[in-house]
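> Sequence and predicted structure are below.
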Protein chains: 2
Amino acid sequence: MDAPIGVFDSGVGGLTVVREIMRQLPSENVIYFGDTARVPYGSKSKATVLKFSKQIVRFLMTKNVKAIVFACNTASALALEDMRDEITVPVVGVVRPGARMAVSMTDTKSVGIIGTYGTIKSGIYTEYIRQLDKNVTVVGKACPLFVPLVEEGLLEDRITDDMVERYLSELKQYNVDALVLGCTHYPLLVNPIKRFMGDGVTLVNPAYETAKELKNILAKNDLLNEGKKNPGYEFYVSDGVDKFKSFADRVLPINVGEVQVVDIESY
Amino acid sequence: MDAPIGVFDSGVGGLTVVREIMRQLPSENVIYFGDTARVPYGSKSKATVLKFSKQIVRFLMTKNVKAIVFACNTASALALEDMRDEITVPVVGVVRPGARMAVSMTDTKSVGIIGTYGTIKSGIYTEYIRQLDKNVTVVGKACPLFVPLVEEGLLEDRITDDMVERYLSELKQYNVDALVLGCTHYPLLVNPIKRFMGDGVTLVNPAYETAKELKNILAKNDLLNEGKKNPGYEFYVSDGVDKFKSFADRVLPINVGEVQVVDIESY
């Protein structure tokens, strides 16, 4: 089926999910929306994240998407379940796939979750993980400085190592052997996090598993678009086209072309 | 005149300006709006900051304010001049008062400005300072990690000292003797900044001069409300009442009481 998949995030981080969709579903058309005018979502209330997510879903529905991916951990954690019933197409978030992957990876039955204040406070990773295996201990830690550090480009830096140590020391004591990168910016900090946590800890990036779940759901609903040669990709933001473009061109294997600004508050 | 003064900021930082207004204009009623749902403004485009500022001014006008204070450096830098003609009451921003104060403080004729990307990129401090004294050299530096460090409460911390050194080393070489804290969060970092810059550099907090300019403008327009005993203060935000309240109660000499949420996008 030819209709596009709608993907959204509070900003640019969700492009790591788009990259994975391009890999695993190379024939699908994708419409991406990044809410760059109102980013970040991580410290905002459930009511606000829900309101913003509803506006974005309404916008994506005007593009006749056949499925919607919440490629933002905070929106997946705070808004997705409340909205599921009112969305008429299949919906996938990043939290449930991330939780599933973590459970399959842990031997010590101790899993760490790092994310924004909103994601950690919601307790949703813990809930999903314990639905899958109630013997798993889940330790969550909000790491609010990671996003600004990534956005400042301090990926390999003494200051970032310093913050990694502060945020993750406690987790290390819990003997976790799987750590979920519960924010789409965090995969960019894989190196300093790996260095600190050591080889015994698997870093779980939910993007891969999210694309896999999307593929399963499309297949189950007979919505796959197999065999198409030149899929189309469209990118929309609420602010800052140039900044978005330069980030997207680095993250994605394609040139994103024209990026359009959407007055998202009017949806 | 009894009508309140409207003050706004992208979030909580503008409360430092409200505190100064309370000191210098103790009889005035104040309405404060903090755009906590869309904070921060510092890395967003002029078009977006202008749009948000217009919505907020429309909201404040519904409260029949007699004057409006842009207590946000980014909004003062990117939106105020474009909006001045359409606002029917006197308007004060923080940039012009900050610029004036810096010029009056410098002997070396070399002034530093630190602020958000938006404020620094706009070049507006440089423009105002050189209108006042074209012999002053102005050196600007964006310090985008300062706001998240303040919001994480790392006011006295090795990491903050580290970032202060990185951001300000270049400024130090220019022999500046006055440094404008061109973002309302930065006064909270006065200690680490003072330690690094040394006693020879005056840190300029525009809040004081802004309240003074407001007083002059009210007087000139015969709008002062002198002699009233119990001024009223009202606080509005677009998100996160509890978080705002706990911050405000620490910054202000009063208990802020009820904080109301405004659907600012509808203005």
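The structure has been received and is ready for your questions.
> hang on, isn't A:N175 packed against A:K109?
No: if you go by CB atoms under 8 Å, A:N175 and A:K109 don't touch, sitting 9.4 Å apart. C-beta coordinates here come from the backbone N, C-alpha and C atoms, glycine included.
> which residues touch A:G200?
When the contact criterion is CB atoms under 8 Å, 6 or more residues apart in numbering or on different chains, the partners of A:G200 are A:D177.
> So A:L203, which state does it fall into?
Here A:L203 is strand, with the state taken from DSSP: H, G, I helix; E, B strand; the rest coil.
> you'd agree A:V139 is in a strand?
Yes: per three-state DSSP, A:V139 lies within a strand segment.
> Can you report how many residues lie near it?
Around A:V139 there are 18 other residues, counting by other CB atoms under 10 Å in any protein chain shown.
> counting contacts, what elements does the host helix or strand of A:F8 pack onto?
Here A:F8 is covered by strand A:5-9, with elements defined by DSSP states H and E. For strand A:5-9, the contact count by 3 or more CB pairs under 8 Å, 6 or more residues apart in numbering or on different chains; DSSP states H and E identifies helix A:15-24, strand A:30-34, helix A:46-62, strand A:67-70 as packing neighbours.
> Now do the last one: which elements does it pack against?
Looking back up the chat, that one is strand A:67-70. Under the contact definition 3+ CB pairs under 8 Å, 6+ apart, strand A:67-70 sits against strand A:5-9, helix A:46-62, strand A:91-93, helix A:206-220.
> Of those, which stretch is the most buried?
By mean neighbour count, with neighbours taken as mean count of other CB atoms under 10 Å in any protein chain shown, strand A:5-9 ranks first of the helices and strands packed on strand A:67-70 at a mean of 27.
> got the CA positions of that strand in PDB?
Below are the C-alpha coordinates for strand A:5-9, written out as PDB (Å, rounded to 0.1, in the frame of the first residue of the first chain):
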ATOM      1  CA  ILE A   5       4.200   6.200   7.200                       C
ATOM      2  CA  GLY A   6       4.000   9.300   9.500                       C
ATOM      3  CA  VAL A   7       6.900   9.700  12.000                       C
ATOM      4  CA  PHE A   8       7.300  12.400  14.600                       C
ATOM      5  CA  ASP A   9       9.600  13.600  17.300                       C
END
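> could you check the angle strand A:30-34 makes with it?
Taking axes from the mean of the first three to the mean of the last three CA atoms, to 10 degrees, one finds that strand A:5-9 is oriented at 20 degrees with respect to strand A:30-34.
> Averaged pLDDT, strand A:5-9. What do you get?
Strand A:5-9 shows an average pLDDT of 98 in the prediction.
> domains in chain A, as residue ranges please.
A:5-93+A:208-266, A:96-206 (automatic domain parsing).
> what about the helices and strands packed on strand A:67-70, which gets the closest to B:T202?
B:T202 lies closest to helix A:46-62 among the helices and strands packed on strand A:67-70, at 39.4 Å (CB to CB).
> do the closest one and chain B meet?
Yes: between helix A:46-62 and chain B, judged by CB under 8 Å from any CB of the partner chain, the touching residues are A:A47, A:T48.
> With just CA atoms, put that helix into PDB.
Extracted C-alpha coordinates of helix A:46-62, given in PDB (Å, rounded to 0.1, in the frame of the first residue of the first chain):
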ATOM      1  CA  LYS A  46       1.900  15.300  30.500                       C
ATOM      2  CA  ALA A  47      -0.900  17.700  29.500                       C
ATOM      3  CA  THR A  48       1.400  19.700  27.300                       C
ATOM      4  CA  VAL A  49       3.100  16.700  25.700                       C
ATOM      5  CA  LEU A  50      -0.400  15.300  25.000                       C
ATOM      6  CA  LYS A  51      -1.700  18.500  23.500                       C
ATOM      7  CA  PHE A  52       1.400  18.800  21.200                       C
ATOM      8  CA  SER A  53       1.200  15.200  20.200                       C
ATOM      9  CA  LYS A  54      -2.500  15.500  19.300                       C
ATOM     10  CA  GLN A  55      -1.700  18.500  17.000                       C
ATOM     11  CA  ILE A  56       1.000  16.600  15.300                       C
ATOM     12  CA  VAL A  57      -1.100  13.500  14.800                       C
ATOM     13  CA  ARG A  58      -3.800  15.700  13.300                       C
ATOM     14  CA  PHE A  59      -1.300  17.200  10.900                       C
ATOM     15  CA  LEU A  60       0.100  13.700   9.900                       C
ATOM     16  CA  MET A  61      -3.500  12.500   9.300                       C
ATOM     17  CA  THR A  62      -4.000  15.300   6.700                       C
END
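> In the stretch 151-267 of chain A, where is pLDDT below threshold?
Low-confidence regions of the stretch 151-267 of chain A, defined by pLDDT under 70, span residues A:228.
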